[in-house]
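In: Sequence and predicted structure, then a few things I'm wondering about:
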Amino acid sequence: GLDIGSESIKVSEARLTKDGVVITGLGIAQTPVGVIEDEIVVDPQTLGAAVKQLLAESGIKTKKCVSAIEGQNKVVVRVIEVPKMEEKELEESMKWEVDRQVPFAATNEIEMDFAPIPMESDDLNLQSMEVLMAVAQRDVVESPVAAPKAPGLKPSAINLGALAHY
């Protein structure tokens, strides 16, 4: 896990063993001054060097990481209701829903993902479905991807900060 904040950088490493999850490394360090502005990493090389040093000090050797994106004004997460449809149709429909639901979507500088929410009801006659939609401005997504790559990490997932705590 990699948590890069404006005040501090936190890292953790966990391994799954036959006895469950075991924490094998933890570390925290101050974020270098000036590398993050308005929740965006503006100096990935300096930040990368700080992360690399923290990983070494913490004894963390893994290269895969999971981190999170923040940016409350630049990230939209919504559950929307749409007519029931197949995945291929849903993919096309979501492009229109993003334009309708997200104020900054018109910039075309966005990243979007979605997932149908499984129905709790066995009623096959339902005419609609719920979909979890997440949209972020591209600069908010590029920042947490570039920062781990600088020290040689490979991001395997980028979570939404607001959801990562659950």
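Out: Cool, got the structure.
In: pLDDT weak spots in the chain?
Out: Across the chain, the ranges flagged by pLDDT under 70 are 69-73, 105-108, 121-124, 143-147, 160-166.
In: Tell me where the chain has helices.
Out: Using DSSP state H, the helices of the chain run over residues 44-58, 87-101, 138-149, 161-164.
In: can you tell me which of those comes nearest to Asp3?
Out: Of all the helices of the chain, helix 161-164 sits nearest to Asp3, with 8.5 Å by Cβ to Cβ. For every residue, glycine as well, the C-beta is placed using N, CA and C.
In: just to revisit the earlier point, could the helices of the chain go into JSON lines alongside distance to Ile23?
Out: Output for the helices of the chain, formatted as JSON lines (distance: least, Cβ to Cβ, whole Å):
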{"stretch": "helix 44-58", "distance to Ile23": "11"}
{"stretch": "helix 87-101", "distance to Ile23": "37"}
{"stretch": "helix 138-149", "distance to Ile23": "19"}
{"stretch": "helix 161-164", "distance to Ile23": "17"}
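In: Minimum distance to Leu2: which of the ones you listed has it?
Out: The nearest among the helices of the chain, by Cβ to Cβ, is helix 138-149 at 5.7 Å.
In: re earlier: any chance of the helices of the chain in TSV with mean neighbour count and distance to Cys65 as columns?
Out: Shown next, in TSV, are the helices of the chain (neighbours: other Cβ atoms under 10 Å; distance: least, Cβ to Cβ, whole Å):
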stretch	mean neighbour count	distance to Cys65
helix 44-58	18	9
helix 87-101	13	28
helix 138-149	19	5
helix 161-164	15	13
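In: List the buried residues in stretch 29-46.
Out: Thr31, Val35, Ile36, Glu39, Ile40, Val41, Asp43, Pro44, Thr46 (16 or more other Cβ atoms under 10 Å).
In: which two from the residues you listed end up farthest apart in space?
Out: Greatest spatial distance among these (Cβ to Cβ): Glu39 and Thr46, at 16.7 Å.
In: Now do the residue nearest to Asp43 when sequence neighbours are not counted against Thr62, distance only.
Out: Nearest residue to Asp43, sequence neighbours excluded (Cβ to Cβ, 6 or more residues apart in numbering): Val35, at 4.3 Å. From Val35 across to Thr62, the span is 23 Å (Cβ to Cβ, to the nearest Å).
In: just Ile4 next, same as before
Out: In terms of Cβ to Cβ, Ile4 sits 17 Å off from Thr62.
In: Same drill for the two, tell me which one is more crowded.
Out: Ile4 (23 against 14; other Cβ atoms under 10 Å).
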